[in-house]
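*Asks:* my questions concern the predicted model and sequence given below.
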Amino acid sequence: SSWFSAEPEYAKWSDVELRTWLQDHNIKIPSSFDKPHLYGLVDANWHSPLVAYAEAGRQWSLDQFNRAQRAFEHIKDDTFDQWDESRLRVFLLEQGVVSPSGPREQLVLLARNKYRAYTDAAILYSSLASASASSAYAGAADAAHSASQCASQATHEVARAFDASKDYFYSTWDESQLRNWLEEHGVVEAKSASTKDELTRLANGYYRKVTSAVWESWSDSYIREWLTAHNLLKPTDTLSRSSLLGKMKKYHYNRVDSVWNTWSHSELKAWLVDHGLLKSDAEKNRDELVKMLEEHYLSAADSIWAAWTDSDIREWLSEHGYLENGNSVKSREDLVNLINSKYSDASAKASAYLVWPDARLRVYLRERGIGEDALPTTRPGLLQETRIRWVQTSTWTENIYTRLKEIVNSSVEAAEEKIARILEVLSGRSRYASDEVDDAREWGWGSHKADHAREKAQEAGQRASESIATSGCRVLHPLPVVNMVKAVVLGAAGGIGQPLSLLLKLNPDVTELGLFDIVNAPGVAADLSHIATPAKVEGFLNPDDGLQKVLTGADIVVIPAGIPRKPGTNAGIVRDLATGIATTAPKALVLVISNPVNSTVPIVAEVFKKHGVFDPKRIFGVTTLDVVRASTFTSEILGDRSLATSITVPVVGGHSGVTIVPLLSQSSHPLPPGFGGSDLEALVKRIQFGGDEVVKAKGTGSATLSMAYAGAEFANKVILALKGKKGIVAPTFVNLAADKAGGEALKKEIGTDIEYFSAPVELGPNGVEKIGGIGKITGAEKALIAAALPDLKVNIEKGVSFIEAPKL
Ligand SMILES: NC(=O)c1ccc[n+]([C@@H]2O[C@H](COP(=O)([O-])OP(=O)(O)OC[C@H]3O[C@@H](n4cnc5c(N)ncnc54)[C@H](O)[C@@H]3O)[C@@H](O)[C@H]2O)c1
Ligand SMILES: O=C(O)C[C@H](O)C(=O)O
C-alpha cells in the first residue's frame, strides 16, 4: 500500500491484536463483540483523549503517581516561570531527571513536560478510581448496553408514542359526551357532525385553538410521566392536576424551542431595535423577525455575558490585568463592554444553552440537583447557574462519560435512583424520540389522519431503538471497567491440581486464582504467584474458613479433589466441597473433574438442589480428556501427529469405560479409507480405556498431566464464554434440563429418558447455552450408545441417591 494510503495501522490486525489493544487501553469489550465490532471499537477509540491519557498514565506506577501527586499539589502551569534555576533543578531531580542541565528556559520546559505528564496521568487515575469505585454502576451501564435493554427501552418509547396519540382526556368519552362537551364550548359544527371520528376531530381542533401549550391536553398520567422522566417529580408524589399543570408551565420545553419562541411580535422587534439591527419603523412579519434574531442573538454581547455575574467578569478582568484599579469600573454595562472588548474569543463562549428557553434551563438545573426552591427566578440567574455546570466536552462519548461520573459521584443515595439516571443518560438519545413523539401528537390532533400520527410514532420508536442501539454500544468506550475473572481450584495441591493451577495462571483473562486443598495449597500459591501473568494467586487450607475464603467471589470453580479410583471417598469429598460452593458461590460455574464424573456431577446437582440454588446450566462434568485422547489417537492413526491439535472428534455419553462414546465417523479429519472392523474397535477401546493405560504405566495414581491440560482446555473455553465470546462448543457431561429443547431433542435421538449425558454443548456467559444433538452416526456408534446407557443410568442413580441416602 502507498505511503499516502489512509489505511490505519490497525487495519490488518487480527482479532487477538484488536482485543489486546482495547484491553491495554482499559476499553471494555462488550460481551457480544466479534471481529468487525472489535475493529469498530478500536477505530472509534483510536484518537480518544482517554486513550491518550492511558498512554501517558501507563508510564507511571501508582506509587510514582502518588508521590507526584504530593509534589504537584500546588503547582499550576505557569508556576515554573516564577522559579529560579536552582529551585527548578531541585524539582527536576526529585522528579527523576538525573542531571537537569541547560539554560533556565530549558529547565522550565522540562518541568512543564513533567507537569503535563502528571496531569494526564491524574486524569487517567481519577477516571480509573471513579470507575472502579462505581463498578456496580458501570455494571448498570453494561446492562444498558445489552440488546434486551435497548429493546425494552425502544419498546417503551413505542408504547409511549402509541399512548400519546390517544392520551387526551376525552379519548375515553362516548359520542354523546363528546357532543355535549363541544356544544358547551360553543363549537357549532358539532351539530352537523355525525360520527365519533368527526366529533373527536372537532374536539382536537378546538383544543388546539384554546390551549397554548401542547401539554394542557395531556392526561395526568402522561404529564406525570414527563415530569418523572425529567426528575421533576418523584414517582410517589401525588399532586392535583392543577399542580401538575403548574409544574409543566414552569418546566415544559420542546427541544427546538429558543428563548424568543415565547416573545410577542413587539418583544421580538424591540430586541432587534435595541441592538441596532432594525429601524423602529420597519415592517416585518414574525417569521422575518425570528430569522433575524436567530442570526444575531448569539453575537450580541449581552446574550453571552448574561451568563456571567458581575463578580465573574470582574475576576476574569483582574486576573488578566485589565482591572488594576478595579473600582473605577462600576456599572454592569461598563464591565460587559470591557470584557467584550478584551475577551478575544467571546464567540467560543457562546454555548448552546444561551438560547434555551427558561423552562429548559430550569430542567437542566433541576436535573443537576438544584432544588425547586433554590432555582433562580431571573433569566440571568438561570444562565449563570447553568454556565457553572455546563461541561464543555469535545466528544459525545466524553460528554456522556462526564455525566455518568457526575451521577455516580452525586449525593443521590439510592443505587436504584442512580442506576435509573444512568440509564437515562445512556439512552439519552431517546429524547429525539420524545420530540418526534411530540410532533406526532400534534400531527394527530391537528389533522384528520390519526393513523398518520401512529405511523410517525412508530417511526419515532424505531428511530429511538436504532439510536439507543448505537448509543448503547458507543457509550461504553470510555468506561474503563476491567472484566475480572476469579478462578478457583479445589484440590489444587494434587497431581492434577498443581499443573492445572499452573495452566490457569497462564491464562491472561484470569485476574484472580484461588487455590484450596487440605494440604499445601498456600505453598503452591506462593510458587505460582511469582509467575509474571496478571492473576493474583492465593492459597487456603481448611482451618479458618479457608473454603469459604477461597470461594468468595468465584466465577468459575474447578474440582480435581479426591483420590484416583476411590469413588466412595470422592463422593463425600465432592459433596462437602459442593456444599461450600452452594453456600458461598452459588452462581459460580462448577467444573467437576473428580471421578466418577458420571456420579459426582449428580452429587453436586443434588447438593445444590438441597440448598435451593440448583441451576443445571452451571454444572459441568469435565470429559475433555476423552476428547483430547480421541484427537491424539486419531492423529496417530492418520500417521501425522502435527494434526493432533486440529482434529476434533465429538465424544458423547459419560466419562468411564463403555459410557465413553467417541463419534469417530464425525471426526473433522476422516479416518483412512478402509479403516474399520477390529482396527476401529481397537481405537474406540483405546479412547474408552485410556485411563487404564496411564494407571498401568504409572503404577500408582492416574492421569494428571494430560488431565490438567484437558481441564485447562475446557476451563479456558468456559472463561472465554463467560467473557462473552459466542459460539464456543465443547462436549461436556451436563444435566439435560440445562437446555430444555436441546435436551429433549437429544433424548429423542438416543431413544431414552435420561437425566445426564455428555454432548457437544454451546457455552455462554451463564454456562450452558445450548445442548447440541448427536447428529448422523453409524450403526456401530448407535450400538456403542445403546451399550453405554445402562451403565450411565446406574452411575447417575448412584450419585443422586448418595445425597438422598449415602450408600455409594
Ligand atoms: N475427569 C477426568 O477425566 C479425570 C482424569 C484424571 C483424574 N481424575 C480424577 O481427579 C481426582 C484427582 O486426581 P489426582 O491424580 O489429582 O489425585 P491426587 O491424589 O494427586 O490429588 C488430589 C488432591 O485432592 C486433595 N483433597 C482430598 N480431599 C480434599 C478435600 N476434601 N478438599 C480439598 N482437597 C482435597 C488432596 O489433598 C490432593 O491434593 C481423582 O478423583 C481422579 O480420579 C479425573
Ligand atoms: O482413569 C482414571 O482413573 C482417571 C481418569 O478418569 C482418566 O480417564 O484417566
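*Replies:* Structure received. Numbers count the residues shown, from 1 in each chain. Ligands and ions are numbered 1, 2, ... in the order given.

*Asks:* got the residues of this structure near ligand 1?
*Replies:* For the chain, the residues in contact with ligand 1 (Cβ under 6 Å from any ligand atom) are 490-491, 493-497, 516-519, 560-564, 570, 573, 576-577, 593-595, 597, 622, 625, 655, 701-704, 707. Where C-beta positions appear, they are placed from N, C-alpha and C, glycine not excepted.

*Asks:* quick one: which of these sit in strands?
*Replies:* 490, 516 (DSSP state E).

*Asks:* count of neighbours near L277?
*Replies:* As a burial measure, L277 scores 15 neighbours (other Cβ atoms under 10 Å).

*Asks:* contacting residues for it?
*Replies:* 292, 296 (Cβ atoms under 8 Å, 6 or more residues apart in numbering).

*Asks:* state the distance from S635 to ligand 1.
*Replies:* 20 Å (Cβ to the nearest ligand atom, to the nearest Å).

*Asks:* I figured that residue was touching L643, is that so?
*Replies:* Yes - using Cβ atoms under 8 Å, S635 is in contact with L643, at 4.5 Å.

*Asks:* okay, and the residue of the stretch 651-800 of the chain found nearest ligand 2 sits in which element?
*Replies:* Taking Cβ to the nearest ligand atom, ligand 2 has its nearest neighbour within the stretch 651-800 of the chain at G691, 2.2 Å off. Element membership of G691, judged by DSSP states H and E, is helix 690-698.

*Asks:* quick one: pLDDT of E283?
*Replies:* Per-residue pLDDT puts E283 at 88.

*Asks:* so it: helix, strand or coil?
*Replies:* Secondary structure for E283, judged by DSSP: H, G, I helix; E, B strand; the rest coil, is coil.

*Asks:* nearest residue to F614 other than its sequence neighbours?
*Replies:* Excluding its sequence neighbours, the residue lying closest to F614 (Cβ to Cβ, 6 or more residues apart in numbering) is F608, at 4.0 Å.

*Asks:* name the element that neighbour belongs to?
*Replies:* Going by DSSP H and E, F608 is part of helix 597-610.

*Asks:* tell me if that helix is near ligand 2.
*Replies:* No - Helix 597-610 does not reach ligand 2 (Cβ under 6 Å from any ligand atom); its nearest approach is 7.3 Å.

*Asks:* buried sites along that helix?
*Replies:* 597-608 (16 or more other Cβ atoms under 10 Å).

*Asks:* likewise for stretch 655-666?
*Replies:* The neighbour-count check on stretch 655-666 (16+ other Cβ under 10 Å) flags 655-656, 658-666 as buried.

*Asks:* now that stretch: average pLDDT?
*Replies:* In this model, stretch 655-666 carries a mean pLDDT of 95.

*Asks:* relative to G276, how far out is A710?
*Replies:* A710 is 85 Å from G276, where distance means Cβ to Cβ, to the nearest Å.

*Asks:* where's K798, which helix or strand?
*Replies:* Per DSSP H and E: helix 779-804 holds K798.

*Asks:* angle of that helix against helix 597-610?
*Replies:* Calculated by axes from the mean of the first three to the mean of the last three Cα atoms, to 10 degrees, helix 779-804 forms an angle of 40 degrees with helix 597-610.

*Asks:* packing partners of helix 779-804?
*Replies:* Packed against helix 779-804 by the contact rule (3 or more Cβ pairs under 8 Å, 6 or more residues apart in numbering; DSSP states H and E) you find helix 567-584, helix 597-610, strand 651-653, strand 660-662, strand 756-764.

*Asks:* tell me the mean pLDDT for it?
*Replies:* Here the average pLDDT along helix 779-804 is 93.

*Asks:* could you do stretch 628-643 as well?
*Replies:* Stretch 628-643 shows a mean pLDDT of 92.

*Asks:* ok and the residue in this structure nearest ligand 1?
*Replies:* For the chain, Cβ to the nearest ligand atom, closest residue to ligand 1: G494, 2.0 Å.

*Asks:* phi, psi for that residue please.
*Replies:* G494 adopts backbone torsions of phi -80, psi -180, taken as degrees, to the nearest 10.

*Asks:* that one reaches D517, doesn't it?
*Replies:* Yes - between G494 and D517 a contact is recorded at 6.9 Å, counting by Cβ under 8 Å.

*Asks:* tell me the buried residues in stretch 245-259?
*Replies:* Within stretch 245-259, the residues that count as buried by 16+ other Cβ under 10 Å are 245, 247-248, 251-254, 258-259.

*Asks:* and the contacts of the helix holding G691?
*Replies:* For helix 690-698, the external contacting residues (Cβ under 8 Å, 6+ apart) are 564-565, 625-626, 629, 633, 656, 686, 701-703, 706.

*Asks:* make a ChimeraX selection of the buried ones in the residues you listed.
*Replies:* The following ChimeraX line selects those of those that are buried, judged by 16+ other Cβ under 10 Å:
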select :564,625,626,629,633,656,686,702,703,706
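
*Asks:* out of the contacts of helix 690-698, which are close to ligand 2?
*Replies:* 564-565, 625, 702-703.

*Asks:* of all these, which two lie farthest apart?
*Replies:* Within these, R565 and L625 form the most distant pair, 14.7 Å apart (Cβ to Cβ).

*Asks:* got the residues of the stretch 51-200 of the chain near ligand 2?
*Replies:* By Cβ under 6 Å from any ligand atom, no part of the stretch 51-200 of the chain sits against ligand 2.

*Asks:* give me the low-pLDDT residue ranges for the stretch 51-200 of the chain?
*Replies:* 51-74, 76-78, 96, 98, 100, 117-173, 185 (pLDDT under 70).

*Asks:* quick one, phi/psi of the residue lying closest to W263 once chain neighbours are set aside?
*Replies:* Spatial nearest neighbour of W263, excluding adjacent residues (Cβ to Cβ, 6+ apart): W271 at 7.5 Å. Backbone torsions for W271, taken as degrees, to the nearest 10, come to phi -60, psi -50.

*Asks:* count of neighbours near W271?
*Replies:* Applying other Cβ under 10 Å, we find 21 residues neighbouring W271.

*Asks:* now A708
*Replies:* If you count neighbours by other Cβ under 10 Å, A708 ends up with 24.

*Asks:* my guess is it meets I496, correct?
*Replies:* Yes - between A708 and I496 there is a contact under Cβ under 8 Å: 5.2 Å.

*Asks:* how near is P499 to A712?
*Replies:* Remark: distance between P499 and A712 (Cβ to Cβ) = 8 Å.

*Asks:* looking at the two, which one has more neighbours?
*Replies:* Here P499 and A712 are set side by side on neighbour count (other Cβ under 10 Å), and the busier one is A712, at 22 against 19.

*Asks:* now the more buried one: closest residue in space, sequence neighbours ignored.
*Replies:* The shortest distance from A712 to any non-neighbouring residue, by Cβ to Cβ, 6+ apart, is to L503 (3.6 Å).

*Asks:* R360: which element?
*Replies:* Counting by DSSP H and E, R360 is found in helix 358-367.

*Asks:* rewinding a little: what do G494 and D517 both touch?
*Replies:* Shared contacts of G494 and D517 (Cβ under 8 Å, 6+ apart): A561.

*Asks:* count the residues that sit near the closest residue to I563 other than its chain neighbours.
*Replies:* Of all residues not flanking I563 in the chain, T569 sits nearest, at 5.4 Å (Cβ to Cβ, 6+ apart). By the criterion of other Cβ under 10 Å, T569 has 13 neighbours.

*Asks:* how far away is T569 from R575?
*Replies:* Taking Cβ to Cβ, one finds T569 at 11 Å from R575.
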